[in-house]
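**Q** Okay, sequence plus prediction incoming.
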Amino acid sequence: MRKIAENTPLVSVIMITYMHEAFIAEAIEGVLMQEVDFPVELIIADDCSPDQTSQIVKTYIETHPKGHWIKYTQHERNKGMMPNFIWAIEQAKGKYIALCEGDDYWTDPLKLQKQVDLLEANSNSSLCVHDAWSLNDTGTLINFIYTVNKTKHTFREVINQWFPTGSIVFKKELLNFNTRIWKESICGDLPILALMSGNGDFICIPEKMSVYRLHRGGISNTIQHKENFNLYLNRLKMYSLINSELKNRFDNDIKDLQFEFYKRIKPTAEYNCLNSFRRMKILFLFKPYTSRFFKIFRAEWKVALKLNRNLIQSK
């Protein structure tokens, strides 16, 4: 047994939930079945669900042998996904944070033990992930979400991939949740993956130990597949803030990714409705210093100057 203070959790499991009465029991069971040699707390943050989620959670607290792991809060008003997520993180007392949203679930009872053992044994590590299955809305296991094909990944590989949220365990002390990133991003897993990868070794376990549920009401699924101007613009802003947080140490990698999002923004109707000055403001999110960015910037600038001259002459 590790030498830790009595009743002080080594791992805080963060489970945000909203309208998950059909899934929350499986999510809770996946956490409570964990066989570990350290204390665990399960923080369930219910964002004012109008369904039976609360009753289900309270039943587990009262009847399950490990019900004392659960710290449950049902907000009186809906906070929204990111504010609820940050609120839950702020309640965590553990050295490590494990994520499991209310509509996903874990399948291996040794999942946490394996991940924490690796993080504890590698002092330079910041985060550990593993393989996972995805499950469609008919209850059919369909394929891998992501196949971990090597032990460690570079920063570029991490930011160009998506790892299942339910596979993530990271060191809490390495993230500052008071920065603009968390206030302005519409998701929490991507900033965690990027910032953790930029602050330490990124450990991968090639074992399927969780399930990511695909269903119409899934928050992450909705965001991930909602391809529109606002989503891409948010990604540009988010990675600009991440770049700043990491002191521009991965500047080229991040700008390459931002350029990919810019190429998706450019054909949208929303972008084409913007005037040139607002388009340039978007370009400034990733500071187009290289030649390929400069060509775009110069073209937008010429149009802006022409529009400005015409405006002055009309007066």
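**A** Sure, I can see it.

**Q** ok now do the closest residue in space to residue 64 that isn't next to it in sequence, which residues does it touch?
**A** The spatial neighbour of residue 64 that comes closest, neighbours along the chain excluded (CB to CB, 6 or more residues apart in numbering), is residue 32 at 5.8 Å. In this view, the C-beta of every residue, glycine as well, is placed from N, C-alpha and C. Applying CB atoms under 8 Å, 6 or more residues apart in numbering to residue 32 gives the contacts 42, 60, 64, 66, 67, 69.

**Q** redo that, cut-off 7 Å
**A** 64, 66, 69 (CB atoms under 7 Å, 6 or more residues apart in numbering).

**Q** Show the contacting residues for the residue nearest to residue 84 when sequence neighbours are not counted.
**A** Spatial nearest neighbour of residue 84, excluding adjacent residues (CB to CB, 6+ apart): residue 47 at 4.5 Å. Residue 47 sits next to 16, 18, 75, 78, 79, 84 when contact means CB under 7 Å, 6+ apart.

**Q** try it again with 8 Å
**A** Contacts of residue 47 (CB under 8 Å, 6+ apart): 16, 17, 18, 75, 78, 79, 80, 81, 84.

**Q** Verify the stated contact: the second one with residue 53.
**A** Yes. Assessed by CB atoms under 8 Å, residue 17 is found in contact with residue 53 at 5.9 Å.

**Q** Looking at these two, which one has more neighbours?
**A** residue 17 (29 against 25; other CB atoms under 10 Å).

**Q** Pull up the per-residue confidence for the more buried one.
**A** The model reports residue 17 with a pLDDT of 97.

**Q** Tell me the bridge partners for it.
**A** Following DSSP bridges, residue 17 is listed with bridge partners residue 46.

**Q** mind checking how far it is from residue 124?
**A** Remark: distance between residue 17 and residue 124 (CB to CB, to the nearest Å) = 34 Å.

**Q** For stretch 43-58, which residues meet the burial criterion?
**A** The neighbour-count check on stretch 43-58 (16 or more other CB atoms under 10 Å) flags 43, 44, 45, 46, 47, 49, 53, 54, 56, 57 as buried.

**Q** what number of residues lie near residue 247?
**A** Burial measure for residue 247: 9 neighbouring residues, criterion other CB under 10 Å.

**Q** Measure how buried residue 83 is and give me the count.
**A** 15.

**Q** Please name the residues that touch it.
**A** The contact partners of residue 83, by CB under 8 Å, 6+ apart, come to none.

**Q** one step back: only whichever of the contacts of residue 47 are buried, select them in PyMOL.
**A** Selection of the buried residues among those in PyMOL, burial being defined by 16+ other CB under 10 Å:
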select buried, resi 16+17+18+79+81+84
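
**Q** Give me the most central residue, this protein.
**A** residue 189 (0.9 Å; CA atoms, centre = their mean).

**Q** Surely it touches residue 97?
**A** No. Using CB under 8 Å, residue 189 makes no contact with residue 97, being 11.6 Å away.

**Q** Next one: residue 120 relative to residue 80, how far apart?
**A** To residue 80, residue 120 is 34 Å away according to CB to CB.

**Q** Residue 196 against residue 172, yeah?
**A** No. Using CB under 8 Å, residue 196 makes no contact with residue 172, being 10.6 Å away.

**Q** More neighbours: which of these two?
**A** Comparing residue 196 with residue 172 by other CB under 10 Å, the one with more neighbours is residue 196, at 23 against 15.

**Q** With adjacent residues omitted, what lies nearest to the more buried one?
**A** residue 127 (3.8 Å).

**Q** Where does the one you found fall, secondary structure wise?
**A** Using DSSP states H and E, residue 127 sits within strand 125-135.

**Q** Packing partners of that strand?
**A** helix 111-121, strand 141-146, strand 169-171, helix 189-198, strand 201-213 (3 or more CB pairs under 8 Å, 6 or more residues apart in numbering; DSSP states H and E).

**Q** And the shortest one, what does it pack against?
**A** With contacts defined as 3+ CB pairs under 8 Å, 6+ apart, strand 169-171 has these neighbours: strand 96-99, helix 111-121, strand 125-135, helix 189-198.
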